[in-house]
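Engineer: one predicted model, sequence on top.
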Amino acid sequence: MTVDISTKYLGLELGNPLVASASPLTGDLDTLAEIEEAGAAAVVLPSLFEEQIEHDAWAIHDLYDYGSSISPEFFGPYMPEMEDYNTGPERYLETLRRAKDNLTIPVIASLNGMSPGGWTAYAKSMEDAGADALELNVYRVATDLDTPGEEIENSYIELVEDVRKAINIPLAVKVSPYFSSMAAMARRLVEAGADGLVLFNRFYQPDIDLDELRIKPDIVLSSPVNLRLPLRWTAILRGRIDASIAASSGVHTGEDVVKLILAGADVTMMTSALLKYGPSHVATVLFEMESWFAERDYVSIEQGKGSLSQASSSDPEAFERTNYMRSLVTFSSRP
Ligand SMILES: Cc1cc2nc3c(=O)[nH]c(=O)nc-3n(C[C@H](O)[C@H](O)[C@H](O)COP(=O)(O)O)c2cc1C
């Protein structure tokens, strides 16, 4: 196969468009080596959380332990030991330094929070520890009835501006799709200093344990159907914002990667499938993706990138409300 599968993300030259996204897998040095060996183009380390920085004693691994004890079927044999996982800022920076020493692919550090404040100073510490780029995950569930959407959006922007000012390395911002106007928000985030957007964060919804009659935090891994949301927004934003696009959620197969590239993604990110099938799954997905392009005589993935984005599509309305009506009508007229 002679397809050029290289791509550019956040100004970084990558060998291919498959990146391992933030999860416990990318917090373990041995697993990181396996992910690199299998061919991933870059890795995003698990997040350092605002709460970890603001409250030193807060131990994220308790949360993960809890999650894995209630859903063991979801984590399987590839979940690394959580004993020493991500227990505080200093250990995080040490893991980052060691990951940089051990790997040749770019290492992206991740900072996760929601409120502007002193904790964002760790962005600079991550840069100093050798991160090739920073991913800022803004994870906020807005529950206050008195706070209007604009105020919440402004706090996102302030946070991005603060982090942008603190570092010189590229900055990606990972967000959820839950804005009144995702498109306008995407543009504001880029204007505030994001070099790339990660579409999207998955919000983990709590469940109710009917035996114990209590709320339980339960992480459910994605399935390929979750691809549709990043697929739509990648296609809509491609060519309309001056930033890289990383598509995240529901990437499980080579065909998923192909779809997102045709929609306009610069890279695609994978967590659930790696937890399910292990690091070697990267090689399978890359092979499937490359075969698809080779069989159709593409010389590079760049050639196909964005060819089915909304801007390039012969059917731009397929990404909008018209498609909703059309889908319903087609569905109900099925035999
Ligand atoms: C167990 C687990 C831990 C995760 N930890 C983080 C994290 O620390 N920071 C982050 O930004 N995303 C985290 N994520 C979200 C993933 O990076 C990814 O965005 C999400 O799982 C959707 O991609 P997927 O469909 O490939 O799983 C985590 C996901 C899982 C399942």
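Structural biologist: Okay, I see it.

Engineer: ranges for the helices of the stretch 201-335 of the chain?
Structural biologist: Per DSSP state H, counting those that start in this stretch, the stretch 201-335 of the chain carries helices over the ranges 228-237, 254-263, 272-277, 281-295, 301-304, 321-332.

Engineer: possible to save those helices as a markdown table with distance to E135 and mean pLDDT?
Structural biologist: Heads up, the C-betas are built off the backbone N, CA and C, glycines and all. Converted to a markdown table, the helices of the stretch 201-335 of the chain look like this (distance: least, Cβ to Cβ, whole Å; pLDDT from 0 to 100):
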| stretch | distance to E135 | mean pLDDT |
| --- | --- | --- |
| helix 228-237 | 15 | 97 |
| helix 254-263 | 18 | 98 |
| helix 272-277 | 17 | 96 |
| helix 281-295 | 19 | 98 |
| helix 301-304 | 22 | 98 |
| helix 321-332 | 31 | 69 |
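
Engineer: among those, which comes closest to E153?
Structural biologist: helix 228-237 (16.5 Å; Cβ to Cβ).

Engineer: need the winner for burial among the helices of the stretch 201-335 of the chain.
Structural biologist: Of all these, helix 254-263 has the most neighbours on average by mean count of other Cβ atoms under 10 Å, namely a mean of 24.

Engineer: hang on, the earlier thing: closest one to the ligand among the helices of the stretch 201-335 of the chain?
Structural biologist: Closest of the helices of the stretch 201-335 of the chain to the ligand is helix 272-277, at 3.2 Å (criterion: Cβ to the nearest ligand atom).

Engineer: contact partners for the most centrally placed residue in the chain?
Structural biologist: Centroid-nearest residue in the chain: S248, 4.4 Å away (criterion: Cα atoms, centre = their mean). S248 is in contact with 21, 174, 198-201, 230, 268-269, 271, counting by Cβ atoms under 8 Å, 6 or more residues apart in numbering.

Engineer: show me the contacts for the nearest residue in space to it that is not next to it in sequence.
Structural biologist: Nearest residue to S248, sequence neighbours excluded (Cβ to Cβ, 6 or more residues apart in numbering): M269, at 3.9 Å. For M269, the contact set (Cβ under 8 Å, 6+ apart) comprises 18-21, 44, 198, 246-248, 251.

Engineer: any chance of CSV for the residues you listed, columns pLDDT?
Structural biologist: Formatted as CSV, those follow (pLDDT from 0 to 100):
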residue, pLDDT
L18, 98
V19, 98
A20, 98
S21, 98
V44, 98
V198, 98
A246, 98
A247, 98
S248, 98
V251, 98
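
Engineer: ok, the residues you listed vs the ligand, which is closest?
Structural biologist: S21 (3.6 Å).

Engineer: distance of that closest one relative to S249?
Structural biologist: Separation of S21 from S249 (Cβ to Cβ, to the nearest Å) stands at 9 Å.

Engineer: buried set for stretch 43-51?
Structural biologist: 43-50 (16 or more other Cβ atoms under 10 Å).

Engineer: just checking: which of those also lie near the ligand?
Structural biologist: 46-47 (Cβ under 6 Å from any ligand atom).

Engineer: one step back: restricted to strands, list the contacts of S248.
Structural biologist: Among the contacts of S248, the residues falling in strands (DSSP state E) are 174, 198-199, 268-269.

Engineer: can you count the residues close to V19?
Structural biologist: Neighbour count for V19, taken as other Cβ atoms under 10 Å: 29.

Engineer: and it, that one's in a helix?
Structural biologist: No: going by DSSP: H, G, I helix; E, B strand; the rest coil, the assignment for V19 is strand, not a helix.

Engineer: wait, does stretch 183-196 contact the ligand?
Structural biologist: No: Stretch 183-196 does not reach the ligand (Cβ under 6 Å from any ligand atom); its nearest approach is 13.7 Å.

Engineer: report the buried residues of that stretch.
Structural biologist: Quick answer for stretch 183-196 (16+ other Cβ under 10 Å): 185-190, 192-196.

Engineer: looking at the buried residues of stretch 43-51, which are in helices?
Structural biologist: Per DSSP state H, helices hold the following members of these: E50.

Engineer: thinking again about what came up before, which of the ones in strands among the contacts of S248 sit farthest apart?
Structural biologist: Of all pairs in the ones in strands among the contacts of S248, the most separated under Cβ to Cβ is K174 and T268 at 13.7 Å.

Engineer: between those two, who's got more neighbours?
Structural biologist: Using other Cβ under 10 Å as the criterion, K174 and T268 rank with T268 on top: 30 against 26.

Engineer: ok, and what's touching stretch 144-158?
Structural biologist: With contact meaning Cβ under 8 Å, 6+ apart, stretch 144-158 is reached by 114-116, 138, 140, 142, 175, 179-180, 185, 188-189, 192.

Engineer: these in helices, which ones?
Structural biologist: 185, 188-189.

Engineer: reformat those residues as JSON lines; add distance to A99 and pLDDT.
Structural biologist: Compiled in JSON lines, the ones in helices among the contacts of stretch 144-158 are given as follows (distance: Cβ to Cβ, whole Å; pLDDT from 0 to 100):
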{"residue": "M185", "distance to A99": "31", "pLDDT": "98"}
{"residue": "R188", "distance to A99": "32", "pLDDT": "98"}
{"residue": "L189", "distance to A99": "27", "pLDDT": "98"}
